[in-house]
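*Asks:* Quick one: sequence plus predicted model below, questions after.
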Amino acid sequence: MMGFTEPIRAVVIGARGGVGSAFVDAIQSAGVQNEVWATSTTGEGLPRAASRTAAVDITDEGSIVRLAEAIDAAGFVPNLVINCTGLLHNSDFGPERSWRHLDIDVMRKVFDVNTFGVALLGKHLIPRFERAPRGVFASLSARVGSIADNRLGGWYSYRASKAAQNMVIKTLSIEASMRWKGLVCVALHPGTVDTALSEPFSARVPAHKLFSTELSCSHLSTVIEGLTAADTGGFFAWDGQPIIY
């Protein structure tokens, strides 16, 4: 599965629901020797299939440090890390339609999750990989984070934070390649998925373009399977096509 010839030892960040939960179930069902360390902000509501669970708030570096320490203490050496967290809206705010709606506190919250948290995951989890023929550090991004593809405007915080995440992934990949030649760091666009994040905006999405979490996971697993060291630092859509930053 996903191009690994050895058992998968995965850390799935944001595995409480949506694509993260689907990844946990898919990896565990693909082989009895596979292991998945699943996290959510509270450590609750995680898939029963997970081998291990932890509470991780990616906006709190201390909680990421505690996860890294627990991984070390357990002798768990990951060969796959998938970050499935993301923030577009909550009960207090939605994506901005105009510059008139920009609010610095909202922007900070969105960047904390979509950009800064991803950088901290890289800081503390990439060093846990071993020098092996294959390793993957992947984070879910979004096509709207492509600067070249922005033709509609709006959604300032989400667009900008995802674009910044893509740069974080690119920069992590350069540093990581100096030590881990087989490690691939990528940003992945899962498509429009039928989750709470997209629900307020999915009414106009054609049925064939609105993916279930399981289908999105399947598409992304195929993309990961095809990745090589030459792809590190890239940004790829659910169908394997590269997306221009």
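*Replies:* Sure thing, it's come through. Values in this document were obtained by computation on a predicted structure and should not be read as measured data.
*Asks:* Excluding its own residues, what touches stretch 46-54? List them.
*Replies:* Stretch 46-54 has contacts (C-beta atoms under 8 Å, 6 or more residues apart in numbering) with 12, 15-16, 21, 24-25, 28-29, 35-40, 43, 66-67, 70, 74, 76. Where C-beta positions appear, they are placed from N, C-alpha and C, glycine not excepted.
*Asks:* buried sites along it?
*Replies:* Going by neighbour count (16 or more other C-beta atoms under 10 Å), the buried part of stretch 46-54 is 46, 47, 49, 50, 51, 53, 54.
*Asks:* ok, and the third one, which helix or strand is that part of?
*Replies:* Which is residue 49. In this assignment (DSSP states H and E), residue 49 forms part of neither any helix nor any strand.
*Asks:* and the nearest residue in space to it that is not next to it in sequence, how many residues sit next to it?
*Replies:* In space, and not counting its chain neighbours, residue 49 is closest to residue 28: 4.1 Å by C-beta to C-beta, 6 or more residues apart in numbering. Applying other C-beta atoms under 10 Å, we find 20 residues neighbouring residue 28.
*Asks:* Just confirm residue 28 is within a helix.
*Replies:* Yes. Remark: residue 28 belongs to a helix, assigned using DSSP: H, G, I helix; E, B strand; the rest coil.
*Asks:* OK, contacts around it?
*Replies:* With C-beta under 8 Å, 6+ apart, residue 28 has these contacts: 34, 36, 47, 49, 50, 51.
*Asks:* and those residues as a markdown table, adding distance to residue 233?
*Replies:* Listed next are these as a markdown table, based on distance: C-beta to C-beta, whole Å:
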| residue | distance to residue 233 |
| --- | --- |
| 34 | 26 |
| 36 | 25 |
| 47 | 30 |
| 49 | 31 |
| 50 | 29 |
| 51 | 30 |
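*Asks:* of all the residues you listed, which two lie farthest apart?
*Replies:* Maximum pairwise distance in the contacts of residue 28, criterion C-beta to C-beta, is 13.2 Å, between 34 and 47.
*Asks:* that older thread, pick the one among the contacts of residue 28 closest to residue 141.
*Replies:* Distance to residue 141 across those (C-beta to C-beta) is lowest for residue 36, with 21.6 Å.
*Asks:* who does the helix or strand harbouring that closest one pair up with?
*Replies:* Assessed by DSSP H and E, residue 36 sits inside strand 35-40. If you go by DSSP bridges, strand 35-40 pairs up with strand 9-13 (parallel), strand 52-55 (parallel).
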